[in-house]
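Peer 1: everything below, folded, please.
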Amino acid sequence: MRNEKSLHAALKRWYMQPGDQLEARVDGYIVDIVRGEQLIEIQTRNLAALKRKLRALLEHHPLRLVYPIAQEKWIVRKTASGKEILARRKSPHRGQLRDLFGELVSIPDLILHPNFVLEIALIQEEEIRHADGRGSWRRRGHSIHDHKLLQVLETVTFETKQDFLSFLPGDLEQPFSNQSLATRLGDSIYATRRMTYCLRKMGVIRLVAKNRNQLLFQIAG
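Peer 2: Modelled structure (predicted):
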């Protein structure tokens, strides 16, 4: 595929099986993998860009959306031309499964569609940076050029809204606030709000009260 990034291409190869059709046209859209009646779409970022495509395809086809999360990442710094490696180090950041809500926030209601399955691929990857002076000050002017798949560590599938109950501690107090959930998870309040927004849209939790400036939630029956 023209302009296809390395991570997307590598995941497509990892998922493909004999007999699959690659980059096949279905209902006016190009789909990464067509396996009989099953459509498999791989998106490495910006799930919001797929909203219209997913909704259209789901009307007539079972569809599995694959989204990777880098559980382990190595930063590879190269010269501006990309021909020489300057340094390689392991990033201290470890991606977690609940990072998916950062992207899922744009399409949480699709989980309720009977034709939709979300699959998270927990991976090891290399992030390739070029010393071209075009990147942010945080990266010292290095721009992110590409991501390369090193290994798929695990895949986790979400088929129904009940599957998302696994993100909530079993002994979580009822009702609970974003702040209490963030404290239990050891996560930021911002990330937790994205999670509870998605879980509300799916019908996993419901809003039951408001205590001053805090919303209180309860697991839906």
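Peer 1: rest of the way, CA atoms for contacts and neighbours
Peer 2: Will do.
Peer 1: show me the chain divided up by domain.
Peer 2: The chain resolves into domains spanning 6-159, 164-221 when parsed by automatic domain parsing.
Peer 1: got JSON lines for these, with mean pLDDT and mean neighbour count too?
Peer 2: As requested, the domains of the chain are exported to JSON lines (pLDDT from 0 to 100; neighbours: other CA atoms under 10 Å):
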{"stretch": "domain 6-159", "mean pLDDT": "94", "mean neighbour count": "16"}
{"stretch": "domain 164-221", "mean pLDDT": "94", "mean neighbour count": "15"}
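Peer 1: need the phi and psi values for Ser81.
Peer 2: The phi and psi values for Ser81, taken as degrees, to the nearest 10, are phi -80, psi -20.
Peer 1: who's in contact with it?
Peer 2: Contacts here follow CA atoms under 8 Å, 6 or more residues apart in numbering; on that basis Ser81 touches 130, 132.
Peer 1: residue boundaries of the helices in this structure?
Peer 2: 6-15, 51-58, 101-104, 178-185, 189-202 (DSSP state H).
Peer 1: how about the strands of the protein, start to end?
Peer 2: In the chain, strands defined by DSSP state E lie at 21-26, 29-35, 38-42, 63-79, 85-90, 116-131, 143-158, 176-177, 205-211, 214-219, listed in chain order.
Peer 1: nearest to Trp14, of those?
Peer 2: With CA to CA, the closest approach to Trp14 among the strands of the chain belongs to strand 143-158: 8.5 Å.
Peer 1: okay, the residue lying closest to Gln71 once chain neighbours are set aside and Ile120: tell me how far apart.
Peer 2: Using CA to CA, 6 or more residues apart in numbering and skipping residues adjacent in sequence, the residue nearest Gln71 is Gly95, 4.2 Å away. Distance, Gly95 to Ile120, using CA to CA, to the nearest Å: 12 Å.
Peer 1: anything in contact with each of these two?
Peer 2: Residues touching both Gly95 and Ile120 (CA under 8 Å, 6+ apart) are Ile69.
Peer 1: before we move on, back to that, now the helices of the chain as JSON lines including distance to Val208?
Peer 2: Formatted as JSON lines, these follow (distance: least, CA to CA, whole Å):
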{"stretch": "helix 6-15", "distance to Val208": "41"}
{"stretch": "helix 51-58", "distance to Val208": "29"}
{"stretch": "helix 101-104", "distance to Val208": "22"}
{"stretch": "helix 178-185", "distance to Val208": "13"}
{"stretch": "helix 189-202", "distance to Val208": "11"}
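Peer 1: what's the closest of those helices to Ile111?
Peer 2: Across those, closest to Ile111 is helix 189-202 (CA to CA), at 6.7 Å.
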